[in-house]
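>>> here are the coordinates; sequence isn't available:
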């Protein structure tokens, strides 16, 4: 079934179709409604192929997150740590506010709360995201804006955490000003030597 | 059914039984498994009574959170803002680490991600929790430890957000040191005039 003259291209297309279907189903029905059968039907990929390659819904979610993890993130480079850190936090805020992207990201956060395998996959996604974003802090250290002992990933965590907290815990709106203040707070803590 | 000589006491007992059953069902089966029928059966309260007083699963969750909201929180009073803020964040951390309490709180966070009414109820819970906890910041302002212009509730949000972020978004462990650092970061930001 998966042979032919361009197995790699075919395989990548199948993977992308299944991934898109997984995301669409997650957004529409949530984790409890996600089934291999529905993903197969929606993607147009045969059910036995989906079972063989992805195994179950956990495999589908993990693979969709694995692909998301590989996508490069547009890390800001404004020349100052104030601008860069605000940029990172605004990216998180606008990502969730985006009508296309927001529901997808939210569906992953929700799925991870309901399934340990999805939680592990989302954890790996954030390990990668923290590592990428920390580049703005490493640059600041090189420029002498922050002390060398700073925990670069902790600065990212503390900067973005209030946005996630408002969205997924306290269920409050997040304004541009809220996001900027969260970035500034992390920066003040880093400058004070706390992070 | 709900008459008798002590209708108030009876009513409170019924409410508590239904609340305990709602929480137990949420912890065991999650939001998707929560039904009025199962809560009625578990609580020993007649199904028609549960339907009449709580309406549906959203009503059950909202009422359970309303009761949680009314419970006073043991706000620390160590004499310094460092100690108090660390105490607040440690309360959050140890609450989720508690084998009895942790799964209940986690189940509410998960339910709120899957249902708008539960999200509104959880929001109200956090409005109340922020307001209670902000007392430690108000005391610090009175003692002259923090500037009068400080946003007392934002200090709380920024202090506790990294704990929730690790637990429910990045799915990372939260150590006592992590919690203390989150409190110290919020305090450094408040002292710097950012919050």
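Here it is on my side, so go on. Bear in mind that the values here come from a model prediction, so they are computed numbers and not experimental data.
>>> Residues in contact with the helix ranked longest in chain A: which ones?
The single longest helix within chain A, with elements called by DSSP state H, is helix A:7-29. For helix A:7-29, the external contacting residues (Cβ atoms under 8 Å, 6 or more residues apart in numbering or on different chains) are A:2, A:4, A:33-35, A:38-40, A:42-45, A:49-50, A:53-54, A:60-61, A:63-64, A:67, A:103-104, A:107-108, A:111. From N, CA and C alone the C-beta is placed, and that goes for glycine too.
>>> filter those residues down to the ones near chain B?
Among the contacts of helix A:7-29, no residue is within reach of chain B (Cβ under 8 Å from any Cβ of the partner chain).
>>> Next, check those residues against the strands and list the overlap.
Judged by DSSP state E, strands contain none of the contacts of helix A:7-29.
>>> Can you select the buried ones from those in PyMOL?
Buried residues among the contacts of helix A:7-29 (16 or more other Cβ atoms under 10 Å in any protein chain shown), as a PyMOL selection:
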select buried, chain A and resi 34+38+39+40+42+43+45+50+53+54+60+61+63+64+103+104+107+108+111
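>>> Select from the contacts of helix A:7-29 every entry located in helices.
A:38-40, A:42-43, A:49-50, A:53-54, A:60-61, A:63-64, A:67, A:103-104, A:107-108, A:111.
>>> Show me the domain layout of chain A.
A:7-64, A:72-191 (automatic domain parsing).
>>> chain center to the first one, what's the gap?
So the one you mean is domain A:7-64. 19 Å (Cα atoms, centre = their mean, to the nearest Å).
>>> where are the low-confidence patches of chain A?
A:1-8 (pLDDT under 70).
>>> change it to 50
For chain A, the stretches with pLDDT under 50 are A:1-7.
>>> any idea how far chain B is from residue A:31?
Distance of residue A:31 to chain B, computed by Cβ to the nearest Cβ, to the nearest Å: 8 Å.
>>> Not counting sequence-adjacent ones, nearest residue to that residue?
Leaving aside its chain neighbours, residue A:31 sits nearest to residue A:111 (4.1 Å; criterion: Cβ to Cβ, 6 or more residues apart in numbering or on different chains).
>>> Among the domains of chain A, show me which one is buried the most.
Scoring the domains of chain A by mean neighbour count under mean count of other Cβ atoms under 10 Å in any protein chain shown gives domain A:72-191 as the most buried, with a mean of 19.
>>> and the end-to-end length of that one?
28 Å (Cα to Cα, to the nearest Å).
>>> what do you get for stretch A:163-175?
Stretch A:163-175: ends 9 Å apart by Cα to Cα.
>>> Can you list the neighbours in contact with it?
With Cβ under 8 Å, 6+ apart, stretch A:163-175 has contacts from A:89, A:92-93, A:96-97, A:106, A:109, A:178-179, A:182, B:109, B:112-113, B:119-120, B:122-123, B:126-127, B:130, B:157, B:160-161, B:164-165, B:168-169.
>>> Show me what the strand or helix carrying residue A:89 is packed against.
Element membership of residue A:89 [criterion: DSSP states H and E] is helix A:81-97. Applying 3 or more Cβ pairs under 8 Å, 6 or more residues apart in numbering or on different chains; DSSP states H and E, we find helix A:81-97 packed against helix A:101-114, helix A:135-142, helix A:152-168, helix A:176-191.
>>> and the last one, does that touch chain B?
Spelled out, that is helix A:176-191. Yes. Interface with chain B: helix A:176-191 contributes A:181, A:182, A:184, A:185, A:186, A:187, A:188, A:189, A:191 (Cβ under 8 Å from any Cβ).
>>> separation between the closest residue in space to residue A:159 that isn't next to it in sequence and residue A:75?
Nearest residue to residue A:159, sequence neighbours excluded (Cβ to Cβ, 6+ apart): residue A:186, at 3.7 Å. Between residue A:186 and residue A:75 the distance is 16 Å, computed by Cβ to Cβ, to the nearest Å.
>>> and if you look at residue A:11?
Distance from residue A:11 to residue A:75, by Cβ to Cβ: 30 Å.
>>> cool, and residue A:168?
23 Å.
>>> same check, this time on residue A:59
With Cβ to Cβ as the criterion, residue A:59 and residue A:75 are 30 Å apart.
>>> So what touches stretch A:38-52?
A:1-2, A:14, A:17-18, A:20-22, A:24-25, A:29, A:36-37, A:57, A:60.
>>> between those residues, which is closest to chain B?
residue A:29 (10.5 Å; Cβ to the nearest Cβ).
>>> from memory the residue nearest to residue A:159 sits against residue A:151, does it?
No. With contact defined as Cβ atoms under 8 Å, residue A:186 does not reach residue A:151; the gap is 11.0 Å.
>>> Quickly list what's touching both of those two.
Joint contacts of residue A:186 and residue A:151 (Cβ under 8 Å, 6+ apart) are residue A:195.
>>> you'd agree residue A:190 is up against residue A:146?
Yes. With contacts counted by Cβ under 8 Å, residue A:190 reaches residue A:146, the gap being 5.4 Å.
>>> any common contacting residues for these two?
Joint contacts of residue A:190 and residue A:146 (Cβ under 8 Å, 6+ apart) are A:137, A:155.
>>> secondary structure element for the nearest residue to residue A:127 once chain neighbours are set aside?
Leaving aside its chain neighbours, residue A:127 sits nearest to residue B:170 (7.9 Å; criterion: Cβ to Cβ, 6+ apart). Using DSSP H and E, residue B:170 sits in no helix or strand.
>>> Kindly provide the distance from residue B:170 to residue B:178.
The gap separating residue B:170 from residue B:178 is 11 Å, by Cβ to Cβ.
>>> gap between residue A:91 and residue B:72?
39 Å.
>>> Leaving out sequence neighbours, find the closest residue to residue A:139.
residue A:84 is the one closest to residue A:139 (Cβ to Cβ, 6+ apart), at 7.2 Å.
>>> typo on my end, residue A:93
residue A:179 (4.4 Å).
>>> so that neighbour makes contact with residue A:95?
No. The criterion here is Cβ under 8 Å, and residue A:179 misses it with residue A:95 at 11.1 Å.
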